[in-house]
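*Asks:* Got a predicted model here, sequence first, then my questions.
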Amino acid sequence: MRRLAILGAARKVFARQGYADTVVDDIAVEAGIGKGTLYLYFPSKEQIYLAALLEDAREMNRLTREGMSAAATWQEKLRAYMDVRLRYFESHEDFVRIYMTEFRSMCMQGKPLAPELHHLVQQGEAQLAQLFAAAAASGEVRPVDPELAASTVSDLTRGLMERRLRGWGSKSGPADAAFALDVMCRALAADGKC
């Protein structure tokens, strides 16, 4: 219970202040515990940060897999992927804020993501790639490189999250996701229909 409270407090502080400007004392104060108690659970700021990221990244991936597995058609599976992640954003904005910061920071600096976080990103993209490979094999989508299609959808979904997070553009909400999904479906569908 206390571990979850620490992680929740850490997400808030990291989302508000950023990694570099956060000290362990800030997280302890937000969690309503002493710094020594916090260190019983996490040996460093980096460990708290990574644990806060991974906890939600695992949950988002689990929900995504479940949503895609429950869908019948490739279009419904694609919609489930985007919908689950965008809904997760709406209810876990602090996580998404630090996830986007971590993802962008690591990629721009040429540093690898934390291994498990990298693995979770790869898992999500692998599930999409399998979807596109199967749909292409059955003739439902035009022949495409499944990995390229998967990374494009992943990047597009992250872009929608970031757009909402930063309040960019005139429209932000279900309409932008529906438009992005329609564009992807039309671009991939063998008959050009979604």
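*Replies:* Done, it's in. Residues are numbered from 1 along each chain as shown.
*Asks:* got the contact list for residue 89?
*Replies:* Residue 89 sits next to 96, 161, 164-165 when contact means CB atoms under 8 Å, 6 or more residues apart in numbering. (C-beta placed from N, C-alpha, C; glycine too.)
*Asks:* Residue 59 now?
*Replies:* Residue 59 touches residue 88, counting by CB under 8 Å, 6+ apart.
*Asks:* in the helix or strand that it is a member of, what's buried?
*Replies:* In this structure, residue 59 is located in helix 45-70 according to DSSP states H and E. By neighbour count on 16 or more other CB atoms under 10 Å, the buried set for helix 45-70 is 45, 48-50, 52-53, 55-57, 60-61, 64-65, 67-68.
*Asks:* so how far is residue 34 from the nearest residue to residue 153 once chain neighbours are set aside?
*Replies:* Leaving out its chain neighbours, the residue that sits closest to residue 153 by CB to CB, 6 or more residues apart in numbering is residue 128, at 5.5 Å. Shown here: residue 128 relative to residue 34, a distance of 44 Å by CB to CB, to the nearest Å.
*Asks:* The two: who's more crowded?
*Replies:* More neighbours surround residue 128 than the other of residue 128 and residue 34, with 24 against 12 (other CB atoms under 10 Å).
*Asks:* Surely the more buried one touches residue 149?
*Replies:* Yes - the pair residue 128 / residue 149 is scored as a contact, 7.1 Å apart, by CB atoms under 8 Å.
*Asks:* which SSE is the residue sitting furthest away from the middle of the chain in?
*Replies:* Going by CA atoms, centre = their mean, the residue of the chain most distant from its centre is residue 36, 31.7 Å out. Here residue 36 sits within helix 35-41, counting by DSSP H and E.
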